[in-house]
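Chemist: Sequence plus the predicted model coming up.
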Amino acid sequence: MQQLEVQTDLTVVGGGLAGICAAIGAARQGSTVALVQNRPVLGGNSSSEVRVWVCGATAHGVQSFARETGIMGELFVENQYRNPLGNPYYWDLVLLEAVRAEPLITLYLNTDVRSVSVADGVIESVTGWQMGSEKEIRFVSPAYVDCSGDGLVGLLAGADFRTGHEPRSEYDESWAPVVPDSNTLGSTILFYTKDAGEPVRFVPPSFARDVNETAIPDRRVIRTDMNGCAFWWIEWGGSLDVVDDNEAIRDELQAVVYGIWDYIKNSGRFDAENLTLEWIGSVPGKREYRRFLGDHVLTQQDVLEQTVFEDRVAFGGWSIDLHPPGGVYAAERGSKHWHPDGNYHIPLRSLYSRNVQNLWMAGRNISASHVAFGTTRVMATCALLGEAAGVGASVALRNGLSPRELAVSRFDLVRRALTRADSSVLGVVDDDPANLALSASVSASSTLTRPVVEVSSGTLPLTSDVGMVIPVDPSLDGFELLVDSAGGFLTVELHDPVKPQNYLPAELVGSCTIDVPAGEKRWIRVPLSWNPSAPTNAFVVLRQTPDISVHTASTALPGTVHFVHRDPAPDEEWTEQFRAWKHILPRGGLCVRLGETAAYSASKVIGGYSRPYGGPNLWSSEDLAWDPNPWLELTWPEPVELAEVVVILDADVQEDLINLHHHRTPFESLPTLLSNYTLESRPTPDAPWHPIAVVTNNHHRTQHHHLPTPTPTTHLRLTPQTTNGSPRAHVVSIRAYGQ
């Protein structure tokens with residue numbers, strides 16, 4: 001047996017999305033990282049071994065402009081480009097290549113942590129056994145990140161933790177039980193089917209469950225076109241210990257899967273003669289186990305009230321999603337959901353142990369109550385937590401700080417590091433003194449100042465209320481809509497969403513009723529005005545008027561989103577999460593003339609939020625048919641020494657991407673991205689332009705352009721040539737750094 005010792009700045013245990021993003025985030029900060037994974041592939045529950053959809057803050061489209069940026073955003077966009085069909089093995093490759101692209105990461109697959117050495121509340125080493133190669137490897141680092149899911153490192157290190165349900169009295173959570181218990185969310189095994197093109201029989205194994213003896217056929221949806229995560233409800237083990245009883249849980253889940261397949265194939269209730277099993281999981285996908293205690297425990301109120309933490313490092317938007325401990329055999333429905341009104345914040349103080357001094361955690365084991373964990377547990381959110389923990393750990397080590405000191409005394413260091421990394425943090429402006437672009441002025445060849453969408457693709461009768469979110473910057477002085485009318489009166493309301501990340505009506509600003517004479521394709525003016533104290537969004541409500549139809553369009557203006565109001569269906573009335581406003585026209589909008597606005601001005605690319613937040617926060621040129629050669633230019637009053645230019649483009653975070661296709665996104669490169677552009681500089685106002693970069697066939701949100709040597713610069717120009725489909729050129733941010 002070989003015994004090895006590996007010394008790095010940081011050891012990350014767990015190769016799911018949290019661990020991957022923690023390792024990449026730390027490596028990009030300059031830390032050497034050992035990434036330790038006990039499986040032969042990366043990805044955890046999202047990998048080809050388990051095949052769970054990567055869900056996150058978009059909540060399958062419930063939340064607006066909510067898709068993650070940072071490392072998770074890169075993975076989503078890259079997977080969409082490489083893997084538009086949602087092949088689970090191609091997703092494995094996307095993850096593996098992302099890790100291998102970082103020279104400071106050393107990856108240890110098939111390496112199972114067995115022991116942890118601790119002295120005086122400090123982890124000294126973590127030791128694992130690498131299966132296949134029969135090596136015992138001791139990992140020595142000044143800091144560790146537990147992304148193992150079950151929290152094995154934290155357990156062996158003596159970190160304080162919880163399992164099960166806290167009592168309602170502890171955090172005053174309405175969804176917590178009055179009496180605490182040890183129940184958790186259960187585990188799941190999934191399966192895939194395919195059409196063999198000829199009859200295929202299925203002989204069930206002796207251990208297959210007879211689902212006719214259960215309530216499964218009556219309480220769960222079963223269809224022959226369902227695959228993979230569509231069967232998320234094949235869940236069991238919540239009333240057991242999901243680690244101690246892992247083997248028994250796996251056996252029961254496989255028995256249920258074969259029983260369901262027997263029911264589909266042999267009950268005579270389905271057209272399944274030519275269907276066969278293509279794949280069945282052998283590794284239970286776990287949802288919940290240990291949750292470590294940090295300096296802050298995230299609670300139900302933090303999620304639903306969207307508490308603004310000074311030390312926020314990530315956001316979520318998935319519902320509080322809790323399942324009955326009986327899982328597939330439960331008499332209750334398979335899940336209950338409670339969505340916040342928009343994205344909520346997660347603090348750094350929930351990502352480190354309160355009693356083990358050098359232990360960070362990320363993923364489903366962070367410091368959260370069981371109820372709050374019901375939303376933070378989804379994998380894209382876990383990935384954001386991983387990036388925040390990895391960046392935080394690296395920044396803390398570089399500055400000789402403990403995790404607590406970083407969060408409480410020097411949070412500005414990690415905040416700026418996360419902002420520079422384009423990670424997913426809401427409501428944080430770029431004020432980094434290292435960003436030389438903050439001292440530049442900006443100009444552009446054109447700007448979308450009077451946004452209109454005038455080409456109709458159809459009509460939508462106002463048989464229900466319709467909502468439209470539009471940017472207001474700095475004020476609103478009415479707008480126009482294209483309508484068909486049989487004659488009647490249209491009531492229009494203007495609402496303030498209040499929180500910049502919310503896209504729902506919250507406070508009424510004003511209303512009006514308009515006499516709309518009979519006629520087709522008639523532009524009507526809506527005389528509603530608003531002068532908010534800062535740029536924001538307005539939620540416009542068109543009240544139900546069946547005799548009036550609004551014209552729809554195949555495209556929409558940047559930062560706008562559209563909804564229809566509907567009453568709850570009978571199976572939704574019970575739940576506190578029901579949301580009456582549902583997205584419509586996912587890639588289009590209404591025909592509208594907004595009037596003059598500064599929402600798309602060139603100044604938006606300097607500082608700011610770098611994602612929709614109280615407005616679209618991007619520069620948009622005029623339509624390329626009007627401005628076929630757009631440009632964007634930064635000017636400094638005195639020369640600055642440039643070593644790196646970062647260009648952040650519009651990857652349309654309204655588009656709900658997913659790794660294994662809960663739904664199919666129709667394009668490989670996001671249309672709002674620039675496909676081709678050039679970047680040039682000059683040292684004086686009269687000097688010729690010097691090329692920095694020529695970018696072609698781009699499908700990325702962020703491009704880093706490094707200059708061979710620091711270059712004196714007074715002017716920096718970005719010239720878009722083509723987009724991936726958008727009728728206008730968009731740029732979210734331009735950043736410039738010295739040596």
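Modeler: That came in fine, so what should we check first?
Chemist: Can you get me a residue count around Thr709?
Modeler: 8 (other Cβ atoms under 10 Å). Using the backbone N, CA and C atoms, a C-beta is placed for each residue, glycine as well.
Chemist: what about the nearest residue to Gly56 once chain neighbours are set aside, which SS state?
Modeler: Sequence neighbours aside, Ala380 is the residue nearest to Gly56 in space, at 2.5 Å (criterion: Cβ to Cβ, 6 or more residues apart in numbering). Of the three states, Ala380 takes helix under DSSP: H, G, I helix; E, B strand; the rest coil.
Chemist: What pLDDT is listed against Ala380?
Modeler: Listed pLDDT for Ala380 reads 98.
Chemist: quick one: it and Gln37, what's the gap?
Modeler: Ala380 sits 19 Å away from Gln37, going by Cβ to Cβ, to the nearest Å.
Chemist: before we move on, what about Arg420?
Modeler: The gap separating Arg420 from Gln37 is 28 Å, by Cβ to Cβ.
Chemist: more crowded one of those two?
Modeler: A direct count of neighbours by other Cβ under 10 Å for Arg420 and Gln37 places Gln37 higher, at 28 against 18.
Chemist: So the more buried one sits against Leu109, correct?
Modeler: Yes - using Cβ atoms under 8 Å, Gln37 is in contact with Leu109, at 5.3 Å.
Chemist: list the residues that contact both of the two?
Modeler: Gly15 (Cβ atoms under 8 Å, 6 or more residues apart in numbering).
Chemist: these two touch, right, Gly559 and Gly614?
Modeler: No - using Cβ under 8 Å, Gly559 is not in contact with Gly614, being 9.8 Å away.
Chemist: which one of those two has more residues nearby?
Modeler: Between Gly559 and Gly614, Gly559 has the larger neighbour count (other Cβ under 10 Å), namely 24 against 21.
Chemist: In contact with the more buried one, which residues?
Modeler: Counted by Cβ under 8 Å, 6+ apart, Gly559 has contacts 65, 469-471, 537, 599, 612, 615-618.
Chemist: excluding its backbone neighbours, what's nearest it?
Modeler: Distance criterion Cβ to Cβ, 6+ apart; nearest residue to Gly559, sequence neighbours excluded, is Pro616 at 2.9 Å.
Chemist: correct me, but that neighbour touches Ala599?
Modeler: Yes - using Cβ under 8 Å, Pro616 is in contact with Ala599, at 5.9 Å.
Chemist: Find residues that contact each of the two.
Modeler: 471, 559.
Chemist: one step back: list the residues that contact both of Gly559 and Gly614?
Modeler: Residues touching both Gly559 and Gly614 by Cβ under 8 Å, 6+ apart: Asn537.
Chemist: Parallel or antiparallel, which strands does the longest strand seen in the chain pair with?
Modeler: Using DSSP state E to define each element, the chain has its longest strand at strand 702-723. Here strand 702-723 has these sheet partners by DSSP bridges: strand 632-648 (antiparallel), strand 674-682 (antiparallel).
Chemist: mind saving the C-alpha coords of the first one as PDB?
Modeler: Written as PDB, here are the backbone C-alpha positions of strand 632-648 (Å, rounded to 0.1, in the frame of the first residue of the first chain):
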ATOM      1  CA  LEU A 632     -18.700  51.500 -27.600                       C
ATOM      2  CA  GLU A 633     -15.800  53.600 -26.300                       C
ATOM      3  CA  LEU A 634     -14.200  54.300 -23.000                       C
ATOM      4  CA  THR A 635     -12.100  57.500 -22.600                       C
ATOM      5  CA  TRP A 636      -9.600  58.400 -19.800                       C
ATOM      6  CA  PRO A 637      -8.500  62.000 -19.200                       C
ATOM      7  CA  GLU A 638      -5.000  60.700 -18.600                       C
ATOM      8  CA  PRO A 639      -3.300  57.500 -19.800                       C
ATOM      9  CA  VAL A 640      -3.800  54.400 -17.700                       C
ATOM     10  CA  GLU A 641      -1.700  51.200 -17.800                       C
ATOM     11  CA  LEU A 642      -3.900  48.400 -19.100                       C
ATOM     12  CA  ALA A 643      -3.000  44.800 -18.500                       C
ATOM     13  CA  GLU A 644      -6.400  43.100 -18.800                       C
ATOM     14  CA  VAL A 645      -9.800  44.000 -20.300                       C
ATOM     15  CA  VAL A 646     -12.800  42.000 -19.200                       C
ATOM     16  CA  VAL A 647     -15.900  42.200 -21.500                       C
ATOM     17  CA  ILE A 648     -19.200  40.900 -20.000                       C
END
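Chemist: Buried ones in it, by neighbour count?
Modeler: By neighbour count on 16 or more other Cβ atoms under 10 Å, the buried set for strand 632-648 is 632-634, 636, 640, 642-643, 645-648.
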